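S.K.: Just need the structure, nothing else, for what follows:
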Amino acid sequence: MAVRRLAAWVLALVTGVSLAGGRAPDPERTKIDPAVTRIDEQAHLGNRLDRAVPLLDEHGKPFTFGELLGKPTILVLSYFGCDGTCPTINRNLARALPGVTRFQPGKDYQVLTVSFDRQDTPQRAAEFIRQLQSEVPGAERGWRFAVLADTTADAPQRFAKQVGFNFFWSRVDKTFLHPNVLVFLTPDGRVARYLYGTAMDPQNLQLALIDADWGRISESKDAIFDMVTGACFSFNYAEGRYQPNYALLTGVAALLFGLGSMGLGLWAYRRKPARRPVHAH
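M.R.: Numbers count the residues shown, from 1 in each chain. Below is the predicted model:
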């Protein structure tokens, strides 16, 4: 059983797909192919989420998704009754966000964790928050937790499919099969980027927030910094992470070297003493 649980965690870390309860599926009984949870990024990047989606916070207070818009949002689709990867991805995100120095939570961006389990309640959300706060004090800053106010059977699927998030309840394993992913949304609610897995890197989070915030970079005093940073790193879709844009960096280095050589040559030429004319006697 311990080996099976370890296999589930390795699957979650490497592929970003897991059983929400942290248990590995029994290959002889489970009929769900994990590949069906794969997100079709090209089909969903740029999608605008429905502003009218009704939500309830941990106090049972209603609000709509559209009320949160106006700044970049990190959307986390989780399951508050989960005892495996869902708490892990939220906890690791909370621990990594202090390393995002360019943006301040609540002021420059926000995090929204929404349950995809229609049986979750505001009370469960409150308990989930208390557990997170006990492990990462101050984690709730700039962070909202919610359940869907619409309790119809297909409401969670309708909300999740807007960002390409597919999940399934396994009656055999008694848990959800779903991808582990952060969805970065622009200030107007469009899908800008996906980051996969439960391990969190502050640099990747910051670069994804820059991507999400790109629409209002020109109005920021840090616009040049953001543009340079965003250009020097590119997103690797195969690996689901940012990496240096080697082609651009090589080109810039070559350009700077060429300009430097020209400048040095011009400086040396101007420093060269003029040859005096030779007069015939």
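
S.K.: Pretty sure residue 151 sits against residue 118.
M.R.: Yes: the pair residue 151 / residue 118 is scored as a contact, 5.9 Å apart, by Cβ atoms under 8 Å. Just so you know, the C-beta spots here come from the backbone N, C-alpha and C atoms, and that holds for glycine as well.

S.K.: Can you show me the strands along the stretch 101-250 of the chain?
M.R.: Listed in chain order, the strands of the stretch 101-250 of the chain (DSSP state E, counting those that start in this stretch) span 110-115, 143-148, 168-170, 175-179, 181-185, 191-196, 233-236, 241-244.

S.K.: Now the second one: buried residues?
M.R.: What it means is strand 143-148. Of the residues in strand 143-148, those with enough neighbours to count as buried (16 or more other Cβ atoms under 10 Å) are 143, 144, 145, 146, 147, 148.

S.K.: got it, and the fifth one?
M.R.: By neighbour count with 16+ other Cβ under 10 Å, strand 181-185 contains the buried residues 181, 182, 183, 184, 185.

S.K.: Quick check: which ranges of the chain have low pLDDT?
M.R.: 1-34, 215-255, 257, 268-269, 272-281 (pLDDT under 70).

S.K.: show me where it has helices.
M.R.: With helices called from DSSP state H, the chain shows them at 2-15, 41-44, 85-96, 122-135, 155-160, 202-213, 223-232, 246-271.

S.K.: related to what we said a few turns ago, tabulate the strands of the stretch 101-250 of the chain (a markdown table), appending distance to residue 94.
M.R.: Written out in a markdown table, the entries for the strands of the stretch 101-250 of the chain read as follows (distance: least, Cβ to Cβ, whole Å):
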| stretch | distance to residue 94 |
| --- | --- |
| strand 110-115 | 8 |
| strand 143-148 | 8 |
| strand 168-170 | 27 |
| strand 175-179 | 20 |
| strand 181-185 | 12 |
| strand 191-196 | 15 |
| strand 233-236 | 23 |
| strand 241-244 | 19 |
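
S.K.: Of all these, which one is nearest residue 267?
M.R.: In this view, the strands of the stretch 101-250 of the chain are compared for proximity to residue 267 by Cβ to Cβ, and strand 241-244 is the closest at 31.7 Å.

S.K.: sorry, back to before: of the strands of the stretch 101-250 of the chain, which is nearest residue 67?
M.R.: If you check each of the strands of the stretch 101-250 of the chain against residue 67 by Cβ to Cβ, strand 143-148 wins as the nearest, at 10.0 Å.

S.K.: hmm, who's touching the closest one?
M.R.: The set of residues that contact strand 143-148 without belonging to it, under Cβ atoms under 8 Å, 6 or more residues apart in numbering, is 53-58, 63, 68, 80, 94, 105, 110-115, 118, 120-122, 124-125, 128-129, 155-156, 159.
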